[in-house]
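Student: what shape does this take:
(3 chains)
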Amino acid sequence: MEGLPNVSLETAIPYVAAAYIGIWVILFGYLVSLSGKLAGLRRQIDALTDAVKSSSTDSDKDKAKA
Amino acid sequence: MKPLRQLWVILKKDIIMEMRTKEMIVSMLMFVMLTMIIFNYAFRADRNDLTPFGGGLLWLAFIYTAFLGMNRSFVHEKDQGCLEGLLLSPVDRSIIYVAKMVGNLIFLTAVELLAVPIFTMFFISYPYYLHLDKLGIFLLGLGLSNFGIAAVGTFVATMAVNTQRRDLLLPILGLPLLMPVVAPAVMISGTMLSGSTSKHELELVGESLKILAAYDIIFFVVIAMIYDFILGE
Amino acid sequence: MSLRISALYGLVALAAGLTMFGLYGTFYWTPLEVNEIGFTQKIFYFHVPMAITSGMAFGVTMVASILFLITKNLKWDAWAVVGAELGLIFGSALLWMGIIWQRSTWGVWWTWDPRLTSFLVVMLLYGAYFVLRSSVETPVQRARYSASIGIVGYLAVLFTMLSTRILRSVHPVLFRLSDSGLGDSSMLITFLVAMFAMFALLAAMLILKTSVENLGEELDYLKSEIGG
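Tutor: Presented below is the predicted three-dimensional model:
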């Protein structure tokens, strides 16, 4: 612990603020980007599932015709 | 007795090939000397004495030349279809690992033993490490570090050669894995090169040797256990 | 899936609540440290928990890597990636706090302190883990390679910490619980709350990220269904 200078309150405040703001930007930015990715994936999957369903019912119809 | 024989056969193949072409040792040595020329520029070494930085500089050159050589050792095997042949043969995978590793260890050590005198001539004003009490520790440090470098480097090189990035991957992945070797290696070589008699530094050298030994044993055993998975079916 | 979603919401709420309380404790409840470093000591209430959390995330990678090599189930490969990514995220936040603190105290952006140095090595190692993953095409081979690095890498982390420790550290040890480095009980409680806040956040992110990985796989599967 030796050699740690006591930084005055006025000089310390911007640093502490920067430290805390920075970590929440990193952590919540990541969290938000993850939920965005999740929502995007879910949309794509829903669209694709619909497409698969409709194409499979189409082929069923084709079979029925034949 | 049989595994030892298999090991020897694979090892002998590598040694004979190297004796014929001398490709690896010569290019590794040239690389070390070229690095030393850059040291001279970096430190403007008109005083011919870089003793205080000796340990670090030595290992900077050695670690990269080790990567250079170990990459080569697998590119050969891969390109000439040797690896497939080895895998088809009824040899235990960990034997292949140990054989390749010992080969790399021998070549690396040979290059270093040639390079240290050159380095001394270029940059070290007085070779304290040649004193009998220092020489043993110096060589022990060299050997233990090389063992760790060969153990981890062979493992990473096996993977790297089977990927798209090949040569790129070995230093990127190998260097962080080998930092625990580089740090004590620099400590030992540096202290022996400078001939320091400080009690604290000599204690640190002792600690460094212990760390190297522990690293060598643990990594060698673990890698030999999981080597099977990276060679694949 | 629905259990997973409700667990996720629960954890996010828990993390948010604990974080709020932790921040309140940090800035209003705990006394201002006056003897040694002053106001910048406030950074450490979240700095140390973040270090532990990032270590845990890399630990997830190691455990999942072992499980993959034993079971050959690609599910564990997904967990291993998630652990490494979260370790890097928490690690970045940790490094950010550390760098700002150093700048405020010593006036430099970087010192080659052993702990800092070894953490930088760890970050680069797990960065290389992702380089390795992107250089292998077949999923099974990729999983095998990264699992072996997941295991050997964690060992290297332990050794890096150990070997850099042989040099003397200038990193302050502020929370020695054994000799009650946290003088005031409010300090200890705030510290623990911040730690559990980070744990909850890690757990929430693990669930969220594994869901993303799973959905991504599902999507690839659906695409191949349609293509074929």
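Student: low-confidence stretches in chain C?
Tutor: Along chain C, segments meeting pLDDT under 70 span C:1, C:33-37, C:165-183, C:227-228.
Student: in it, which helix has the most residues?
Tutor: Using DSSP state H to define each element, chain C has its longest helix at helix C:185-227.
Student: which helices and strands does that helix pack with?
Tutor: Helix C:185-227 sits against helix A:9-65, helix C:2-24, helix C:44-71, helix C:74-106, with contacts defined as 3 or more Cβ pairs under 8 Å, 6 or more residues apart in numbering or on different chains; DSSP states H and E. All C-beta atoms are positioned from the backbone trio N, CA, C, and that covers glycine.
Student: distance check, the residue nearest the centre of chain C against residue C:147.
Tutor: By Cα atoms, centre = their mean, chain C has its centre lying nearest to residue C:54, at 1.6 Å. Counting by Cβ to Cβ, to the nearest Å, the gap from residue C:54 to residue C:147 is 20 Å.
Student: again with residue B:64
Tutor: Per Cβ to Cβ, residue B:64 is found 27 Å from residue C:147.
Student: just residue C:218 next, same as before
Tutor: 22 Å.
Student: who has more neighbours, the two?
Tutor: The neighbour comparison of residue C:218 against residue C:147 (other Cβ atoms under 10 Å in any protein chain shown) goes to residue C:147, with 26 against 16.
Student: mind checking which helix or strand of chain B has the lowest mean pLDDT?
Tutor: helix B:82-88 (a mean of 77; mean pLDDT, DSSP states H and E).
Student: name the nearest residue to the spatially most central residue of chain A, ignoring sequence neighbours.
Tutor: By Cα atoms, centre = their mean, the mean C-alpha position of chain A lies nearest to residue A:34, the distance being 1.4 Å. What sits nearest to residue A:34 in space, not counting adjacent residues and going by Cβ to Cβ, 6 or more residues apart in numbering or on different chains, is residue C:208, at 4.9 Å.
Student: count of residues packed around residue B:216?
Tutor: By other Cβ under 10 Å, 21 other residues sit near residue B:216.
Student: next one: the one 10 residues further on
Tutor: Here the number of neighbours of residue B:226 (other Cβ under 10 Å) works out to 21.
Student: hmm, it is touching residue C:149, no?
Tutor: No: with contacts counted by Cβ atoms under 8 Å, residue B:226 stays clear of residue C:149, the gap being 9.9 Å.
Student: measure residue C:199 to chain A for me?
Tutor: Using Cβ to the nearest Cβ, to the nearest Å, residue C:199 is found at 13 Å from chain A.
Student: which residues sit in contact with the residue nearest to that residue when sequence neighbours are not counted?
Tutor: Among residues not flanking residue C:199 along the chain, residue C:53 sits closest, at 6.4 Å (Cβ to Cβ, 6+ apart). Residue C:53 makes contacts with C:90, C:195, C:198, C:199, C:201, C:202, as judged by Cβ atoms under 8 Å, 6 or more residues apart in numbering or on different chains.
Student: ok, now how distant is residue C:53 from residue C:114?
Tutor: 21 Å.
Student: now do residue B:185
Tutor: Residue B:185 sits 16 Å away from residue C:114, going by Cβ to Cβ.
Student: who's more crowded, these two?
Tutor: More neighbours surround residue B:185 than the other of residue B:185 and residue C:114, with 28 against 20 (other Cβ under 10 Å).
Student: assumed the more buried one was part of a helix.
Tutor: Yes: Residue B:185: assigned to a helix according to DSSP: H, G, I helix; E, B strand; the rest coil.
Student: for it, give me its contacts.
Tutor: By Cβ under 8 Å, 6+ apart, the residues touching residue B:185 are B:55, B:59, B:141, B:142, B:145, B:208, B:212.
Student: nearest to residue A:44 among the residues you listed?
Tutor: residue B:59 (50.3 Å; Cβ to Cβ).
Student: how deep is the closest one tucked in, by neighbour count?
Tutor: 25.
Student: try residue A:33
Tutor: Residues lying near residue A:33 (other Cβ under 10 Å) number 10.
Student: point out where the chain drops to low pLDDT.
Tutor: Picking chain A for this. A:1-7, A:56-66.
Student: ah, no, chain B please
Tutor: Applying pLDDT under 70 to chain B flags residues B:1, B:45-47, B:232-233.
Student: go through stretch B:79-95 and flag the buried ones.
Tutor: Under the neighbour-count criterion of 16 or more other Cβ atoms under 10 Å in any protein chain shown, stretch B:79-95 has B:82, B:83, B:86, B:91, B:93, B:94, B:95 buried.
Student: what sits up against it?
Tutor: Contacts of stretch B:79-95 (Cβ under 8 Å, 6+ apart): B:3, B:6-7, B:10, B:74, B:76-77, B:96, B:224-225, B:227-228, B:231.
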